[in-house]
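Novice: Mind looking at a prediction? Sequence and model below.
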Amino acid sequence: MEPSNAGHSGARRKVTVVGAGMVGGTVAQMLALRDYADVVLVDIVEGLPQGKALDLMQSGAVLGFDTRLTGLNDYAGTTGSDVVVITSGIARKPGMSRDDLLRTNLGIVRSVTRQVVAQSPDAIVIVVSNPLDAMCHAAFDAAGFPRERVIGMAGVLDSARFRTFIAMELDVSVEDVSAFVLGGHGDTMVPLSRYSTVAGIPITELLPAERVVALEERTANGGAEIVGLLKTGSAYYAPGTSVVAMVDAILLDKRRVLPCSVLLQGEYGIDGLFIGVPIKLGASGVEHIFQVTLTTEERAKLQHSADAVRELVATMARMDTEPPSA
Ligand SMILES: NC(=O)c1ccc[n+]([C@@H]2O[C@H](COP(=O)([O-])OP(=O)(O)OC[C@H]3O[C@@H](n4cnc5c(N)ncnc54)[C@H](O)[C@@H]3O)[C@@H](O)[C@H]2O)c1
């Protein structure tokens, strides 16, 4: 018999995590430890979400949390979720082109979004699947939600990486480091060192210019560095934790100021494109988009990053009009 939430009062908030892989499992674990919401894990692989949910619930006996976790292969039990996290997708396999990956993940994200929002029409959707900004477009179109309720996770992770590298370089507590990143997720992202500080002091005052550039580059290649080390997968601890920071901001109405991928409608001179910018994240989702003045060079880098996302969105639109290949 499948574990079920039936019979519970439903007083706790509910978070559905689609994709019970490495990132989805980490999100479920970190959320379980928070102990304020119940978690539903959904995957197409039979037994995987059920196994992870049961295993995680048993860790509650040791650690003392009462989060109810449920694993499912369909969406019936996801009804009424407050937040939906989409991590489903496949990683690029040897011999697979970027376009093949885009096509596959577009199909997956579109299909799961339609199914999950049908059960939870008031949810806030956090997209994690890659290529991130393009998948935000796919989820946004499939959900039919206002832009305030479809948000991509990338900047929280990218700025966490930047903060870590700054703290390592200066040998200071990462708690005192704050970092600012803009742009699409990937190697065109724009770390803004001018606005990245240690206890309020810009890092440009604390480090020679060439070290600042080196840290920016390491941040932009942060995902690839982990893939190079792991070889068989990509990062999941820091990505999962970054998702949970966003869920916290929403469900605890913290109004955190976090870099997230959102649909811009003229902000930063960009229209109709998901791109990473600092937002206020609270109970209603995107509550404000902060606009900062950029230097000419920073604006050019942001445009370059936006162009890369725009190209992916155009490729997805072409894929929709192409006849399916034999
Ligand atoms: N935005 C970011 O910063 C960031 C960071 C890390 C990973 N990612 C992306 O997150 C995604 C997940 O990464 P992962 O390491 O967890 O991968 P993974 O392969 O471990 O997990 C993906 C899961 O999705 C499931 N899945 C596939 N199709 C599905 C469908 N139609 N319905 C439900 N589930 C389905 C798979 O069975 C698998 O369990 C990838 O696209 C990865 O590139 C993004």
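Specialist: Nice, I can see it.
Novice: Apart from its neighbours in sequence, what residue is nearest the closest residue to the ligand within the chain?
Specialist: Closest residue of the chain to the ligand, CB to the nearest ligand atom: residue 21 (1.8 Å). Backbone N, C-alpha and C define where each C-beta goes, glycine included. If you skip the residues right next to it in sequence, residue 21 has residue 87 as its closest partner in space, 6.5 Å away by CB to CB, 6 or more residues apart in numbering.
Novice: okay, that neighbour: pLDDT?
Specialist: Confidence at residue 87, expressed as pLDDT, is 98.
Novice: neighbours around it, how many?
Specialist: By other CB atoms under 10 Å, the residues close to residue 87 number 30.
Novice: could we number from 36 for the rest of this?
Specialist: Fine by me, first position is 36 from now on; the one you just mentioned is residue 122.
Novice: show me what contacts it?
Specialist: Contacts were defined as CB atoms under 8 Å, 6 or more residues apart in numbering; by that measure residue 122 touches 52, 53, 54, 56, 58, 59, 62, 163, 164, 278.
Novice: Make a markdown table from these and add secondary structure to it.
Specialist: Output for the contacts of residue 122, formatted as a markdown table (DSSP: H, G, I helix; E, B strand; the rest coil):
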| residue | secondary structure |
| --- | --- |
| 52 | strand |
| 53 | strand |
| 54 | coil |
| 56 | coil |
| 58 | helix |
| 59 | helix |
| 62 | helix |
| 163 | coil |
| 164 | coil |
| 278 | helix |
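Novice: Most neighbours among these, which one?
Specialist: In terms of neighbours by other CB under 10 Å, those top out with residue 52 at 35 neighbours.
Novice: for that residue, what are its contacts?
Specialist: Under the contact definition (CB under 8 Å, 6+ apart), the residues listed for residue 52 are 59, 62, 63, 66, 74, 75, 76, 77, 119, 120, 122.
Novice: Up against the ligand, what does the stretch 236-361 of the chain have?
Specialist: With the criterion set to CB under 6 Å from any ligand atom, the stretch 236-361 of the chain comes near the ligand through 268, 269, 270, 271, 274.
Novice: All the strands of the chain, in order from the start?
Specialist: Counting by DSSP state E, the chain has these strands, from start to end: 48-53, 72-77, 104-107, 118-121, 159-162, 185-187, 212-213, 216-217, 225-226, 232-233, 236-237, 291-300, 306-317, 320-324.
Novice: near the ligand at all, the first one?
Specialist: What that stands for is strand 48-53. Yes: residues of strand 48-53 are located near the ligand by CB under 6 Å from any ligand atom, namely residue 53.
Novice: so how far is that strand off the chain centroid?
Specialist: Centroid separation for strand 48-53 versus its chain: 14 Å, with CA atoms, centre = their mean, to the nearest Å.
Novice: likewise the fourth one?
Specialist: What separates the centre of strand 118-121 from the centre of its chain is 10 Å, taken as CA atoms, centre = their mean.
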